[in-house]
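Participant: 3D model of this:
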Amino acid sequence: MAGGRASASPQNCECELGARQGSTTSHPMLNINPHCDGPVRSQRIHQGMNLSHDPNDWPDRLLKLGLAVQTQVASLVRSAFIAGANTLADAVAEEGGDRIYRIDREVEATIEHTIASWPDVCLPLLFIAEGMGNDGRQLFGSSNQQSRWRLIIDPIDGTRMLMYDKRSAWFLAAICPDKGESTTLADSVASVMVELPTSKQNLADTFVASTGVGTRAMRFTVNAETPPEISEGLSFSATPSRQGNLDDGFATVLSMFPGTRRLAADLAERIAERCGVMTNLPTAFDDHYISCGGLIYQLMTGRDLCCLDLRPQFNQILGRTSDDRFIESHPYDLAGLLTAQNAGVILTNGFGKPLNAPLDVHTGVDWCGYANSDIRNLIEPIVQEWLAEQRITETP
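Facilitator: Got it, this is the predicted structure:
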């Protein structure tokens with residue numbers, strides 16, 4: 001594809017992997033043979049991974065891919081813990097709008113090899129993710145045919161927490177029929193969120209959704225050697241909170257990183273004052289989970305009431321509208337959009353409009369998540385008032 005990386009068959013995809021900056025020559029899910037042109041796939045990746053040839057079987061196909069990544073991550077973080085080393089936190093590149101760490105690089109080969117093994121009915125497929133070069137794109141299948149699908153993935157959403165073994169990260173993926181450059185997250189026909197556990201976790205949650213079907217939530221026993229079968233998952237209910245106020249609840253205006261924290265704090269204090277939770281003893285809380293998937297998980301499971309990520313607006317207020325922008329969420333960070341919406345979470349952009357984003361790795365995305373309509377009706381007018389005072393309006 002023009003401007004993208006060369007198309008990848010299983011053969012030329014394999015040859016490319018060892019040369020990517022930050023990759024290693026040993027891998028828990030791949031056997032690297034230094035005397036051949038590329039890595040030879042381990043049999044372990046296939047156990048529990050018998051993929052259907054039905055092109056509509058995307059929910060299970062994406063879930064199996066996420067579980068393979070979960071297994072590999074579990075092996076990596078447990079090995080790092082046992083070794084007492086933080087080598088997974090080594091920065092190796094800056095691509096796709098974010099910094100790439102060694103743990104990110106380690107899982108890319110598994111994802112690429114699995115996609116390359118999918119049946120022909122799934123191809124050609126344009127894969128979009130951070131870490132896939134500056135444009136974040138890789139084509140699987142023939143470049144002489146019209147691409148059928150666009151797959152956007154955040155392999156490890158929450159890298160910074162996980163690489164220090166502090167908190168779970170998330171594998172996020174969404175698949176869309178290819179409508180060219182007009183394809184957006186709203187075109188998703190299936191989406192998954194798979195928890196990537198810390199070294200001490202024995203259980204991890206997953207969420208799967210497809211158009212017209214409610215979100216399926218399952219909990220799996222973490223396996224650092226073999227991806228579990230889908231049938232091994234324990235189903236549970238993913239239900240957002242029905243609480244209509246902020247009393248003793250979590251409501252967060254995101255300020256994960258330096259640069260926009262003063263603005264986030266100002267808006268957070270405004271919300272607390274207007275909602276009657278500015279008290280000497282705290283009756284409202286926040287949680288700056290460094291993972292959009294993790295934050296959406298908290299909303300889906302009734303742990304949080306609302307989350308506001310207005311970093312694009314904050315950058316606009318600060319006059320940072322080009323390459324000097326402080327980091328924002330990107331479309332791959334919201335690849336779990338369909339999963340959250342089908343679970344009942346209300347997701348909008350910063351101006352209260354339906355949330356959507358193009359399938360790329362550079363667009364900054366503002367988003368607001370609400371557990372229910374009462375919380376939205378409580379918080380959204382305060383947000384809009386605050387933005388108006390800052391003279392920030394939605395770009396047509």
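
Participant: Can you tell me the SS state at residue 227?
Facilitator: Residue 227 falls in the coil class when you classify it by DSSP: H, G, I helix; E, B strand; the rest coil.

Participant: Can you name the residues in contact with stretch 264-275?
Facilitator: 245-246, 251-255, 278, 284, 286, 308, 310, 314, 378-379, 382-383, 386 (C-beta atoms under 8 Å, 6 or more residues apart in numbering). Any C-beta I mention is one placed from the backbone N, CA and C, and that applies to glycine too.

Participant: actually stretch 285-292, sorry about that
Facilitator: 157-158, 160-161, 167-170, 172, 248-256, 268, 295, 298, 304, 309, 329, 333-334, 336, 367.

Participant: Tell me which of these fall in strands.
Facilitator: Cross-referencing these against strands under DSSP state E gives 157, 169, 170, 172, 249, 250, 251, 252, 253, 309, 367.

Participant: Would you enumerate the residues in contact with the first one?
Facilitator: Each residue near residue 157 by C-beta under 8 Å, 6+ apart is listed here: 169, 170, 171, 172, 291, 292, 293, 294, 332, 333.

Participant: what about 7 Å?
Facilitator: Neighbour list for residue 157: 169, 170, 172, 291, 292, 293, 333 [criterion: C-beta atoms under 7 Å, 6 or more residues apart in numbering].

Participant: possible to save these as a markdown table with pLDDT?
Facilitator: Below are the contacts of residue 157 laid out as a markdown table (pLDDT from 0 to 100):
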| residue | pLDDT |
| --- | --- |
| 169 | 98 |
| 170 | 98 |
| 172 | 98 |
| 291 | 97 |
| 292 | 97 |
| 293 | 97 |
| 333 | 97 |
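
Participant: and which of those is nearest residue 71?
Facilitator: Of all the contacts of residue 157, residue 169 has the smallest distance to residue 71: 14.0 Å, by C-beta to C-beta.

Participant: any idea how far the closest residue to the closest one other than its chain neighbours lies from residue 244?
Facilitator: Distance criterion C-beta to C-beta, 6 or more residues apart in numbering; nearest residue to residue 169, sequence neighbours excluded, is residue 158 at 3.3 Å. Here residue 158 is placed at a distance of 29 Å from residue 244 (C-beta to C-beta, to the nearest Å).

Participant: and the two? which has more neighbours close in?
Facilitator: The neighbour count for residue 158 versus residue 244, taken as other C-beta atoms under 10 Å, is higher for residue 158 (25 against 14).

Participant: That one touches residue 171, doesn't it?
Facilitator: No: counting by C-beta atoms under 7 Å, residue 158 stays clear of residue 171, with 9.8 Å between them.

Participant: List buried residues within the contacts of stretch 285-292.
Facilitator: 157-158, 160-161, 168-170, 172, 249-256, 268, 295, 298, 304, 309, 329, 333-334, 336, 367 (16 or more other C-beta atoms under 10 Å).

Participant: can you pull the contacts of residue 258?
Facilitator: Counted by C-beta under 7 Å, 6+ apart, residue 258 has zero contacts.

Participant: can you give me the helices for this protein?
Facilitator: Using DSSP state H, the helices found in the chain span residues 10-17, 58-83, 102-116, 159-162, 261-274, 292-300, 311-317, 337-342, 373-389.

Participant: okay, the angle between the fifth one and helix 373-389?
Facilitator: Read that as helix 261-274. If you take axes from the mean of the first three to the mean of the last three C-alpha atoms, to 10 degrees, helix 261-274 sits at 130 degrees to helix 373-389.

Participant: CA atoms only for helix 261-274, dumped as CSV, please.
Facilitator: Extracted in CSV, the C-alpha atoms of helix 261-274 (Å, rounded to 0.1, in the frame of the first residue of the first chain):
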residue,chain,number,x,y,z
ARG,A,261,-1.8,18.2,34.9
ARG,A,262,-2.7,21.7,36.0
LEU,A,263,-5.6,21.9,33.5
ALA,A,264,-6.8,18.4,34.4
ALA,A,265,-6.7,19.4,38.1
ASP,A,266,-8.6,22.6,37.5
LEU,A,267,-11.4,20.7,35.7
ALA,A,268,-11.4,18.0,38.3
GLU,A,269,-11.8,20.5,41.1
ARG,A,270,-14.7,22.2,39.3
ILE,A,271,-16.5,18.9,39.0
ALA,A,272,-16.0,18.1,42.6
GLU,A,273,-17.3,21.5,43.7
ARG,A,274,-20.4,21.4,41.4
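
Participant: List the buried residues in that helix.
Facilitator: Buried, per 16+ other C-beta under 10 Å, within helix 261-274: 261, 263, 264, 267, 268, 270, 271, 272, 274.

Participant: So for that helix, mean pLDDT?
Facilitator: Mean per-residue pLDDT for helix 261-274: 97.

Participant: Could you do the third one as well?
Facilitator: Per-residue pLDDT values over helix 102-116 give a mean of 93.
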